[in-house]
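K.L.:
Build me a structure from this.
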Amino acid sequence: MIRTSTLKKILDFHNGAKPLSEIMRESMSVDPIRPILWEPHLKALDRRITIILNGVRDCVKKNPPEEALDSEDLLS
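P.N.:
Just a heads-up that it's a prediction; the model follows:
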């Protein structure tokens, strides 16, 4: 089960103007102990987002969306 807000954030990183690796690279560029993540690890972030989305897609195919996706409205 995944929260819809988390899924939206993942989709933003996957479909956004900048990939997650680039956002992280920019964010960490000002850190005094940079580089924090090695370049192959940053590239792996983008690959993992695709893997996560494929897993969510498979889950939703096998289960009704109300069982696979958790709306924060239900938690309030």
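K.L.:
Show residues contacting the helix or strand containing residue 58.
P.N.:
Assessed by DSSP states H and E, residue 58 sits inside helix 39-62. Under the contact criterion CB atoms under 8 Å, 6 or more residues apart in numbering, helix 39-62 has outside partners 2, 7, 10-11, 13-14, 19-21, 24-25, 68-69. Where C-beta positions appear, they are placed from N, C-alpha and C, glycine not excepted.
K.L.:
centroid residue for this structure?
P.N.:
The centroid of the chain falls nearest to residue 10 when counting by CA atoms, centre = their mean (3.2 Å).
K.L.:
what's the helix or strand for it?
P.N.:
helix 4-15.
K.L.:
Let's see that helix as PDB, backbone CA atoms only.
P.N.:
Output of helix 4-15 as PDB, limited to C-alpha atoms (Å, rounded to 0.1, in the frame of the first residue of the first chain):
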ATOM      1  CA  THR A   4      -1.400   8.900  -2.800                       C
ATOM      2  CA  SER A   5       0.700  11.900  -1.700                       C
ATOM      3  CA  THR A   6       3.800   9.800  -1.800                       C
ATOM      4  CA  LEU A   7       2.900   8.500  -5.200                       C
ATOM      5  CA  LYS A   8       2.400  12.000  -6.500                       C
ATOM      6  CA  LYS A   9       5.900  13.000  -5.200                       C
ATOM      7  CA  ILE A  10       7.400  10.000  -6.900                       C
ATOM      8  CA  LEU A  11       5.600  10.900 -10.200                       C
ATOM      9  CA  ASP A  12       6.800  14.500  -9.900                       C
ATOM     10  CA  PHE A  13      10.400  13.300  -9.700                       C
ATOM     11  CA  HIS A  14       9.900  10.800 -12.600                       C
ATOM     12  CA  ASN A  15       7.900  13.200 -14.900                       C
END
